[in-house]
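Q: I'd like to go over a predicted model; first the sequence, then the structure.
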Amino acid sequence: MDSQQLTTLTGVIDKKMNRQLKQYMDICARCAICKDACHQYVGTGDFKYLPARRAELIRQIYKKYFTKSGEFVPALYEARDPDDNLLDELYDSAYACTGCRRCMYYCPFSIDTAWILSVAKAILIAAGRGNEMLGQLADAAIFKGDNAEMFNDVMISGFEDIQEEVREITGNPNSRIPVNKEGADILYVALAGAHTIRPAAVIFEEAGENWTISMFEAANYGFFYGDTDKARLITKRYIDEAKRLGVKEIVVPECGHAYRVAEMFYEAWSKEPMPFKISHILEKVDEYIKSGRITVEKGLIEGKVTYHDPCQIGRNGGIFEQPRDIVKAVTDDFVDLIPNRQEQWCCGGGGGIVAMDEFKETRLASGSKKVEQLRASGASVLACPCENCRLQIEELNEMHGLGLQVWQVIDLVVAAMPLKGKKPVHV
Amino acid sequence: MSDETNIDLELDLKGLLCPLPMVKVSQNIGKVPVGGVIRAVATDPGAMADIPAWAKSTGNEVLQAEKEGGEFVFLVKRVK
Ligand code: SF4
Ligand code: SF4
């Protein structure tokens, strides 16, 4: 590595390392408690996935360039240059990490390894070694934002098709998917897939909500890629849209990171106060059920139902009870996974890993704890409000013959609503 | 156009939910030579925006993006 490259990489560390991160560099006690918390380490037994080991790679560079001891006697302090070998190790550690932060929950010092690894991703991007697929997905989203008029017609035509399906489900020819509705109370930012729009539209329409659909999707691959500027631009697309339409609230779909990005990161990235209330769709659905704005009936969902807390909604987003209350409103046959809530095992599918083929083997092996939990629950239906988790669990389901039906929570709700139209098939 | 274009790779993306159709096209584009064409069939309407946006931002070219019944048919040319 030439000296200019080295200056660039150490510059990234210098810029990213705030006081909290520097403290993490100093306080790790090497107790290895985090090893039993990480589904990837537990599932693969591979040392490189031990959380403290992942963070150690950043610590080694940090020590070499930002501490006197590491600079002068690097061998003693395990200080290292960010050479090709170290960058390769960093790539595996950082991009395989699902950002579940279960290691942080169990660490006696609450060391946030996922945050430390966001520095690793920034270093890799500066070195031209960011994950290509995540970078492409992020760039495609930004392109859509910069060229919205180019996609206007196909988006509207797609919404019209979904609106027909919504009318068939509600049995009401007036059910709508409102597009570009100024003065709506809610802007619903779905994912690109129709399955995230259809049941939400049924629920909003039956609740008599004053809503409109976003032309953009809530997924943010810039966040997974590790580039906060790309991540900001992707989110800004629907923040600007919400400002233009004058809505009061932005509702994000059944997606783990979308909620966290909008509610917890965007203000820091954009350096402007968030002008809207951010809600997760399950918070709204819970409100509608409890206030009687929509009706659900028990007995329409067959089999024992369980619930998986996606890490970004649960442990990292603080939404635990509303989804459970919704599921319990549609069935008396609910069983929780053990452990659950803050201690819930990561399924292994977060952080964009489902889009990165090179980690497929690690990803599937890292689902072993989730498979154990699901088997032990005896459930035949799993409600799960995150796209990445569902993709992972569907694959585990098939691989291990679990015989589960994996549902979005809003699909369960629609299936339990006494509607006049035809029952939807869940996806 | 699909009748006249040489197809180097067929991708059946039916049933895949967005953004997976875009991910699959991206993962497979390297399997056709520069100038080669992938024919991809998806069923998620989101692909109608996703795949052209991916192509534009990666410098590839969508020769066709059409709705045929309940399916969305794409011809994607590898440019580089
Ligand atoms: S955040 Fe999750 S995947 Fe990443 S190191 Fe910690 S436990 Fe492992
Ligand atoms: S649990 Fe915390 S202190 Fe212990 S090794 Fe892991 S990161 Fe370090």
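A: Yes, it's here. Ligands and ions are numbered 1, 2, ... in the order given.
Q: so what's residue A:155 closest to, chain neighbours aside?
A: residue A:215 (5.3 Å; Cβ to Cβ, 6 or more residues apart in numbering or on different chains). (Glycine included, C-beta is placed from N, CA and C.)
Q: Neighbours of that neighbour, how many?
A: Using other Cβ atoms under 10 Å in any protein chain shown, residue A:215 has 21 neighbouring residues.
Q: give me every residue that touches residue A:290.
A: With contact taken as Cβ atoms under 8 Å, 6 or more residues apart in numbering or on different chains, residue A:290 is in contact with residue A:325.
Q: what do you get if the cut-off is 6 Å, keeping everything else the same?
A: By Cβ atoms under 6 Å, 6 or more residues apart in numbering or on different chains, the contact list for residue A:290 is empty.
Q: quick one: it and residue A:207, what's the gap?
A: In this structure, residue A:290 and residue A:207 are separated by 12 Å, where distance is defined by Cβ to Cβ, to the nearest Å.
Q: again with residue A:379
A: 28 Å.
Q: cool, and residue B:59?
A: Summarising the geometry, the distance separating residue B:59 from residue A:207, computed by Cβ to Cβ, is 44 Å.
Q: and if you look at residue A:133?
A: 38 Å.
Q: quick one, which of those two is more surrounded?
A: Under the neighbour definition other Cβ under 10 Å, residue A:133 and residue A:207 were set side by side, and residue A:133 has more, 21 against 18.
Q: I figured that one hits residue A:354, correct?
A: No: taking contact to mean Cβ atoms under 6 Å, the distance of 10.4 Å between residue A:133 and residue A:354 leaves them out of contact.
Q: tell me which parts of the stretch 251-400 of chain A are close to ligand 1?
A: Proximity of the stretch 251-400 of chain A to ligand 1 (Cβ under 6 Å from any ligand atom) is limited to residues residue A:346.
Q: By proximity to chain B, which residue of the stretch 251-400 of chain A wins?
A: Taking Cβ to the nearest Cβ as the measure, the point where the stretch 251-400 of chain A comes nearest chain B is residue A:355, at 5.1 Å.
Q: farthest residue from the center of chain B?
A: Residue farthest from the centre of chain B, counting by Cα atoms, centre = their mean, is residue B:69 at 17.0 Å.
Q: Now the element after the helix ranked longest in chain B, going C-ward?
A: Taking residue count as the measure and DSSP state H as the definition, the longest helix of chain B comes out as helix B:47-58. Proceeding C-terminally, helix B:47-58 gives way to strand B:61-68 as the next helix or strand, assigned by DSSP states H and E.
Q: In that following strand, which residues are buried?
A: B:62, B:65 (16 or more other Cβ atoms under 10 Å in any protein chain shown).
Q: Stretch A:342-350 too?
A: Within stretch A:342-350, the residues that count as buried by 16+ other Cβ under 10 Å are A:342, A:344, A:345, A:346, A:347, A:348, A:349, A:350.
Q: Now do residue 68, the pLDDT please.
A: Going with chain A. For residue A:68, the model assigns a pLDDT of 68.
Q: ah, I was thinking of chain B
A: The predicted structure scores residue B:68 at 93 on the pLDDT scale.
Q: This completes my enquiry, with thanks.
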